[in-house]
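Student: missing the sequence, but the structure's below:
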């Protein structure tokens, strides 16, 4: 198996500039996306953590608009894949096609839409699990294997998937392995009335706002590298692990809700998500250390899709958010009196 | 190149030092409040327990609790001294520093190389690899932490007074003050227990001494030796279980009863007769009062000499001697049958002129005198032991009774006790004997005062005031004594001052004013006017001298003092309630009789009383000598 890579070494970024750059991106996205500050912040955290986000919300809330705006603000390539039941894996990752060139025929790899810095997997739950799984390698390894050839995806690689919770007909729920690949699962809330008014103003006029290029892809990569270097104290790491462990029903610190309604708790990727997102959160806050508050603030999006409810939980309508909140209540950060 | 610790890190540690002290103080105050609350609650519980039940160890336990609390607080203060990391974590939490300080310390501890000062090249040329980026962020974080520390509130970690322990401590302390300050009846109980232990020890010593004396020079078969062993066992019980008063009194009473059952009531009479006989025999032998004390040993020697000299006497002298011996018949009869027989044989043999038989009879008479004397001594020892037991029992009962009375404030002397409450009749001064009123102690006496030692109980108010027949009636004005009829119960003894212990003889009624509920024993006389209602027999005061011996319940160290109250065991009954005045004026007894007409009755009664009552030996001798000196014969 051969490997093709096009990665280049990103420039260094001063730590103090991290928050500044991130805030600039946020501000620029905010010129298009009205309200949804938390959603934008969490999406940005996913991007800077080199993770992927699954956005869930009813149609029309601006999920696609958000991803497209981010792609506009960040100077990088962007592809959108509309997932449908007949979508095939090759339609995503690409395929080898036979071409005739200089009198000879040969196979050449035709990249799929996955080959972009930002990939919008729209309505991902409409594709079959087989097609959904085509994203697994790309999301985890940031590479694609086709016909014994590995193709490295260009950093930054950021998958933003959306799914519609209302339309259950003809949908294929994402398998747990697929869900676990997403750093965050984000709820897209319905805008406030004031925000709706502003949305009307912006989208029904003669001109539609567009985001300006604010950050280059290299800067994003540099920010990603810097974020991973943020030091984290052992007690904060231990707290993140405790939170994750408490999502398991057989854990001693698991709250009653977990013991009663959870079949499986979060995987270690959950703790990784907590720590990584906590680091971004700390940097965005102008700090160079991760605090337990950072971990707590990202616990909901990082864990809600990793907690697998049992039958009773689903039957009684216990939401994953309620379970994660009970975990946060049960596991207090280390404190000294 | 050796580098020292990062100065930023040192500044952080230095800056945390005052916070560390403040956090330490807060912890100590917090734990002290909890400790104080626990201590106060425990002390309160202990104080309440000490009010419900007598606890000998209460003061020690209270002090021990405080000591333990102090030690625990000290140990806890040492234990809760925070580390720098704890201080940083606490400061992060309290000041909202987002784990900056704790992260700085933890990272320095985890990466010691990053805790060192950065060298000059490092300061200029920041490495671009992962490790360099990490080190740079660690130092940035450290600087950020120091900056944050500088703006932290210097007054952080103010000691907190937790409401719950504070309230608990305050309430417990408020309750503890009256619980400690107010009088505690259990203290009296404890004092009584102590008094009882002391009394038991004193009586143990006395009985031990008695046992020792009883065993001196005795053979194993001598009943006094066995008595000595029993006394030693009682002494052990006294010392080991002084608080088991009922059992002690019962055992003492049982032994005393068995001893008294074996006593010859006529022992002192026999002793007196022996003395008289020995004295007379010596006079008959020597022709002069050579044996004024009536020593039987000397009398035996004199009889030996008389026997040896019989053959040298004329017939007239022998007849005269026979008459003299015959004249001693009465004294010999009282000395014992053997003595009487030997004397009679000697007199008859002399009268017949049978000198050999007379000589043998005289020798037998001498031996008999000595044997009788030994019997008298043995009886006296047993009687002394019985008296010691009675005394021990009385003192122990007194000690126990004082405790009971001190625990019953309403029954204090002079407070007008209601009769019929509290102690049963017959418990009086003979606790443990449990003799019900009217059972045998004073059969035929009839007029017995009220039931027991309760002040005001069993008294016969308004029925006293009967003067004695003697010339020295009781002095009157003595307030009544619980069980004791008023003063002046001394039988008229001519010119003799009333001997309160002497039960009345003949027809001499007691004089005292009964019914004045006063003290509970002879030593503590009630005073003042008392009024109260009592339930007692409807009969009046008992008349003395009905031939029955009253048990004397008074101390003998005051015998012979005019006006001392004497009293006899009372019997209970549901008599009418009466109000009485405890004071009275004694009147002189106008009766005058030649003492020669009553001497013998008084002497017999006195000697009998000596036998049946607890009278110290010195007093006995005194009484005997007194009557001997008055003997008209």
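Tutor: Sure thing, it's come through. In this text, all values refer to a predicted model and were calculated from it rather than measured experimentally.

Student: what residues does chain B put near chain A?
Tutor: With the criterion set to CB under 8 Å from any CB of the partner chain, chain B comes near chain A through B:23, B:26-27, B:30, B:82, B:86-87, B:89-90, B:92-93, B:98-100, B:102-104, B:106-107, B:110, B:128, B:130, B:133-134, B:136-138, B:140-141, B:144-145. (Each C-beta comes from the backbone N, C-alpha and C, glycine too.)

Student: Which of the residues you listed are buried? Put it as a PyMOL command.
Tutor: This is how PyMOL selects the buried members of those, with burial counted by 16 or more other CB atoms under 10 Å in any protein chain shown:
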select buried, chain B and resi 23+26+27+30+82+86+87+89+90+92+93+98+99+100+102+103+104+106+107+133+134+136+137+138+140+141+144+145
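
Student: Which ones among the residues of chain B next to chain A map onto helices?
Tutor: By the criterion of DSSP state H, membership of the residues of chain B next to chain A in helices covers B:23, B:26-27, B:30, B:86-87, B:89-90, B:92-93, B:100, B:102-104, B:106-107, B:110, B:130, B:133-134, B:136-138, B:140-141, B:144-145.

Student: ok, residues contacting stretch B:283-299?
Tutor: B:274-279, B:281-282, B:302-303, B:305-306, B:321, B:324-325, B:328, B:366, B:369-370, B:372-373 (CB atoms under 8 Å, 6 or more residues apart in numbering or on different chains).

Student: What residues of that stretch count as buried?
Tutor: Residues of stretch B:283-299 classed as buried under the neighbour-count rule (16+ other CB under 10 Å) are B:283-285, B:291, B:294-296, B:298-299.

Student: What of stretch B:148-166?
Tutor: Buried positions in stretch B:148-166, judged by neighbour count with 16+ other CB under 10 Å: B:148-149, B:152, B:156-157, B:165.

Student: Tell me how far residue B:384 lies from residue A:64.
Tutor: Distance from residue B:384 to residue A:64, counting by CB to CB, to the nearest Å: 123 Å.

Student: ok, now which ones touch residue 24?
Tutor: All of this refers to chain A. Counted by CB under 8 Å, 6+ apart, residue A:24 has contacts A:214-215.

Student: To clarify, I was referring to chain B.
Tutor: By CB under 8 Å, 6+ apart, the contact list for residue B:24 reads B:77, B:80-82.

Student: Do the one helix or strand residue A:294 maps to and chain B come into contact?
Tutor: Using DSSP states H and E, residue A:294 falls within helix A:292-297. Yes. Judged by CB under 8 Å from any CB, helix A:292-297 and chain B are in contact via A:292-294.

Student: What's the local residue count around residue 337?
Tutor: No chain in the question, so chain A it is. The tally of other residues near residue A:337 (other CB atoms under 10 Å in any protein chain shown) stands at 14.

Student: was after chain B, sorry
Tutor: The local packing of residue B:337 (other CB under 10 Å) involves 11 other residues.

Student: So it versus residue B:343, what's the distance?
Tutor: The separation that residue B:337 has from residue B:343, given CB to CB, amounts to 11 Å.

Student: Contacts for the helix or strand encompassing residue B:629 next, please.
Tutor: Using DSSP H and E, residue B:629 sits within helix B:617-630. Helix B:617-630 has contacts (CB under 8 Å, 6+ apart) with B:268, B:271-272, B:275-276, B:380, B:384, B:556, B:559, B:595, B:599, B:602-603, B:606-607, B:610, B:615.

Student: OK, contacts around the nearest residue to residue A:88 once chain neighbours are set aside?
Tutor: By the measure of CB to CB, 6 or more residues apart in numbering or on different chains, the closest residue to residue A:88 outside its immediate chain neighbours is residue A:131, 6.2 Å from it. Contacts for residue A:131 (CB under 8 Å, 6+ apart) come out as A:83, A:87-89, A:91-92.

Student: Quick one: buried ones out of the contacts of helix B:617-630?
Tutor: Buried members of the contacts of helix B:617-630, counted by 16+ other CB under 10 Å: B:268, B:271-272, B:275-276, B:380, B:384, B:556, B:559, B:599, B:602-603, B:606-607, B:610, B:615.

Student: ok, so of these, who is nearest residue B:244?
Tutor: For the buried ones among the contacts of helix B:617-630, the residue nearest residue B:244 by CB to CB is residue B:384; the value is 25.8 Å.

Student: Just name the shakiest helix or strand of chain B by mean pLDDT.
Tutor: helix B:120-124 (a mean of 46; mean pLDDT, DSSP states H and E).

Student: and chain A, which residues reach chain B?
Tutor: Neighbours of chain B within chain A, by CB under 8 Å from any CB: A:12, A:15, A:225-226, A:229-236, A:282, A:285, A:287-294, A:333-337.

Student: which of those residues are buried?
Tutor: Buried subset of the residues of chain A next to chain B (neighbour count, 16+ other CB under 10 Å): A:15, A:225-226, A:229-233, A:235-236, A:282, A:287-294, A:333-334, A:336.

Student: Out of those, list just those in helices.
Tutor: Among these, DSSP H puts A:15, A:225-226, A:235-236, A:282, A:292-294 in helices.

Student: before we move on, the earlier item: how about CSV for the buried residues of stretch B:283-299, with pLDDT and secondary structure added?
Tutor: Putting the buried residues of stretch B:283-299 into CSV (pLDDT from 0 to 100; DSSP: H, G, I helix; E, B strand; the rest coil) gives the following:
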residue, pLDDT, secondary structure
B:283, 84, helix
B:284, 82, helix
B:285, 82, helix
B:291, 84, coil
B:294, 84, coil
B:295, 86, coil
B:296, 86, helix
B:298, 87, helix
B:299, 87, helix
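
Student: who's in contact with residue A:313?
Tutor: Neighbouring residues of residue A:313 by CB under 8 Å, 6+ apart: A:260-263, A:323.

Student: can you list the weak-confidence ranges in chain B?
Tutor: Confidence mapping of chain B against pLDDT under 70 gives the ranges B:1-3, B:118-128, B:401-592.

Student: which helix in it runs the most residues?
Tutor: For chain B, the longest helix by residue count, based on DSSP H, is helix B:355-406.

Student: quick one, it and helix B:617-630 angle?
Tutor: Orientation check (axes from the mean of the first three to the mean of the last three CA atoms, to 10 degrees): helix B:355-406 against helix B:617-630 gives 130 degrees.

Student: The helix or strand following helix B:355-406 packs against which elements?
Tutor: The element immediately downstream of helix B:355-406 (helix or strand, assigned by DSSP H and E) is helix B:595-612. Here helix B:595-612 touches helix B:267-286, helix B:617-630, going by 3 or more CB pairs under 8 Å, 6 or more residues apart in numbering or on different chains; DSSP states H and E.

Student: Now do the same contact list for the residue located most distally from the centre of chain A.
Tutor: The centre of chain A is farthest from one residue, residue A:103, which by CA atoms, centre = their mean lies 45.4 Å away. Shown in contact with residue A:103 (CB under 8 Å, 6+ apart): no residues.

Student: And it, its phi and psi?
Tutor: Torsion angles at residue A:103 (phi, psi; degrees, to the nearest 10) stand at phi 80, psi 0.

Student: can you tell me how far it sits from residue A:110?
Tutor: For residue A:103, the distance to residue A:110 (CB to CB) stands at 21 Å.

Student: Sort out which one of the buried ones among the contacts of helix B:617-630 lies nearest chain A for me.
Tutor: Closest to chain A out of the buried ones among the contacts of helix B:617-630 is residue B:556 (75.3 Å), distances taken as CB to the nearest CB.

Student: Can you tell me the closest non-neighbouring residue to residue A:157?
Tutor: Among residues not flanking residue A:157 along the chain, residue A:142 sits closest, at 4.9 Å (CB to CB, 6+ apart).

Student: Could you check how far residue B:307 is from chain A?
Tutor: Distance of residue B:307 to chain A, computed by CB to the nearest CB, to the nearest Å: 110 Å.

Student: sorry, back to before: tell me the angle the helix holding residue B:629 makes with helix B:595-612.
Tutor: Following the same axes, to 10 degrees, one obtains 160 degrees for the angle between helix B:617-630 and helix B:595-612.
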